[in-house]
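In: take this sequence and fold it.
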Amino acid sequence: MISPIKENLIVKFLTNQASASELDELEIWMQDSNNEQLFESYVKTNYAIEFNMRTFNLNKAKDTLQKEITREKKVIRLKKMRKKIYYAAAILIGVLATSYHFKDNLFNTPIENSIKITNTIEAGTNKATLTLEDGSVILLEKGDTFQTQNANSNGEKIVYTNSEENSKTIKYNYLTIPRGGQFFIELSDGTKVWLNSESQLKYPVNFKKGDARQVELVYGEAYFDVSPSTKHNGAKFKVLNKSQEIEVLGTMFNIKSYKDETNIYTTLVEGKVEINTSKGKQLLAPNQQSNLDIVLNKIAIKEVNTKEVISWIHGDFVFQNKPLKDIIKVLSRWYDIEIEIENKSLEDIKFNGELSKYQNLEDILLLIKNTNYINNYETNTNKVILK
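Out: Residues are numbered from 1 along each chain as shown. Below is the predicted model of the structure:
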């Protein structure tokens, strides 16, 4: 039997009122297969009948949401949907289709999924291409192992070991992450780097003793957790990137510098960095982000929510006042598929939301469609069209 607390939590989830922390709590509870069965049974047998008897005031909830929407200038909220509990929507749809329909739900549109999906667009995974110093290319994928004198990989990450013997000369490797991929690397000095889809990092197999430690983010997005200089005889750590150089002492920061974008974003989470461009030097404090416009050759600094910026390394998408055109860029890289907005007037509609990176793309497209701004969408093997 489901406890009143968990029953209350389930109803909040089904009525789009659960917070992110409540969704996390529900997901943990459903790790137990017995609880998962209780959940499914409750939805199938009770939800349609009991909904009107709940103490939730749907009109009040809607009024509250409408005020929030007005305050945020019609920023649409996408609910965070965990992979483990998303299937509840499908169960609910089946129940409501035969017994009950919301006349006035939170998004002012019926929950539906009448779209025929011709294929399932899976989420990205751990994969990368390693180019060694001799030019040979190794494919790294989940489940495969690879080992050299200086590095070993289990297909999900690659770890380099420090070798005093090899630190006299510099030999470079390249780690290239394709669309639909991500990878983790630990450099020989202990610095940890998370690489996002469509990214490339150039780095030495071993850092030369006595010199500054230097790597290059050729393109893409990377999050750095840098081993402090105090552990390396004061050797500073530098990240080269097109149009800028970042000097750090021991810190955590994110760089976003994609080939198809004209802005480079550097976000400091912890510590201290100095950004050197043709316009001079800029110091960043924690929770600050620099925006370098490489076309106008201008740099601006602002306070940001670092949770949103680095959510990708924790398996989530966090969007805050993000235009749809920016959201589809993120999705297209991760799901390795072209996404087109047919109606260009929709490109600047802004959304708020937290979503799991590991759900199928159709799950997210359905959430966007149910906001009533997107009329429909079509999917095929290599393209999605939002209408």
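
In: least trustworthy helix or strand in this protein by mean pLDDT?
Out: Lowest by mean pLDDT, DSSP states H and E among the helices and strands of the chain is helix 87-99, with a mean of 39.

In: next secondary structure after it?
Out: strand 125-131 (DSSP states H and E).

In: starting from that next one, tell me the next helix or strand along the chain.
Out: strand 137-141.

In: what residues go with each domain of the chain?
Out: Under the assignment automatic domain parsing, the domains of the chain span 4-99, 125-309, 313-386.

In: which stretch in those domains has the least confidence?
Out: Here the lowest mean pLDDT among the domains of the chain goes to domain 4-99, at a mean of 56.

In: so what's the residue nearest the centre of the chain up against?
Out: What sits nearest the mean C-alpha location of the chain, by Cα atoms, centre = their mean, is Trp312, with 3.0 Å. Applying Cβ atoms under 8 Å, 6 or more residues apart in numbering to Trp312 gives the contacts Gln182, Asn196, Glu221, Tyr223, Lys357. From N, CA and C alone the C-beta is placed, and that goes for glycine too.

In: look up how far Lys357 lies from it.
Out: Per Cβ to Cβ, to the nearest Å, Trp312 is found 7 Å from Lys357.

In: before we move on, what about Asn206?
Out: Look at Asn206 and Lys357: by Cβ to Cβ, they are 33 Å apart.

In: Glu141 now?
Out: Taking Cβ to Cβ, one finds Glu141 at 18 Å from Lys357.

In: who's more crowded, those two?
Out: Between Glu141 and Lys357, Lys357 has the larger neighbour count (other Cβ atoms under 10 Å), namely 20 against 15.

In: hmm, Asp316 and that one touching each other?
Out: Yes. In this structure, Lys357 is within contact of Asp316 by Cβ atoms under 8 Å, at 6.1 Å.

In: hmm, Glu36 is touching Ile28, no?
Out: No. Contact criterion Cβ under 8 Å: Glu36 and Ile28 do not qualify, at 11.8 Å.

In: quick one: the helices in the chain?
Out: Along the chain, the segments classed as helices by DSSP state H run 4-14, 20-29, 33-42, 48-50, 58-71, 87-99, 306-309, 324-335, 361-369.

In: ok, now which ones touch the residue nearest to Glu156 when sequence neighbours are not counted?
Out: In space, and not counting its chain neighbours, Glu156 is closest to Asn126: 4.4 Å by Cβ to Cβ, 6 or more residues apart in numbering. By Cβ under 8 Å, 6+ apart, the contact set of Asn126 is Glu141, Lys142, Gly155, Glu156, Lys157, Gly181, Gln182, Phe183, Phe184.

In: list buried residues within those.
Out: For those, a neighbour count by 16 or more other Cβ atoms under 10 Å gives the buried set as Gly155, Glu156, Lys157, Gly181, Gln182, Phe183, Phe184.

In: sort out for me which of those are in strands.
Out: With DSSP state E as the criterion, strands contain Lys157, Gly181, Gln182, Phe183, Phe184 from among those.

In: possible to save these as a markdown table with distance to Val248?
Out: What follows is those, written out as a markdown table (distance: Cβ to Cβ, whole Å):
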| residue | distance to Val248 |
| --- | --- |
| Lys157 | 22 |
| Gly181 | 26 |
| Gln182 | 22 |
| Phe183 | 21 |
| Phe184 | 19 |
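
In: quickly check these for the two that are furthest apart.
Out: Lys157 and Gly181 (12.6 Å; Cβ to Cβ).

In: list the beta-bridge partners for Gln289.
Out: Listed by DSSP bridges, the beta-bridge partners for Gln289 are Thr267, Lys302.

In: check Leu283 too.
Out: Glu274.

In: nearest to Leu292, of the buried ones among the contacts of Asn126?
Out: Top of the list for closeness to Leu292, among the buried ones among the contacts of Asn126 and by Cβ to Cβ, is Gln182 at 24.0 Å.

In: distance of that closest one relative to Lys329?
Out: From Gln182 across to Lys329, the span is 16 Å (Cβ to Cβ).

In: quick check: longest strand of this structure.
Out: Taking DSSP E as the criterion, the chain has its longest strand at strand 213-225.

In: can you list the strands that that one pairs with?
Out: strand 192-195 (antiparallel), strand 199-204 (antiparallel), strand 237-241 (parallel), strand 252-257 (antiparallel).

In: make a markdown table out of those strands and add distance to Tyr373.
Out: What follows is these, written out as a markdown table (distance: least, Cβ to Cβ, whole Å):
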| stretch | distance to Tyr373 |
| --- | --- |
| strand 192-195 | 32 |
| strand 199-204 | 31 |
| strand 237-241 | 36 |
| strand 252-257 | 26 |
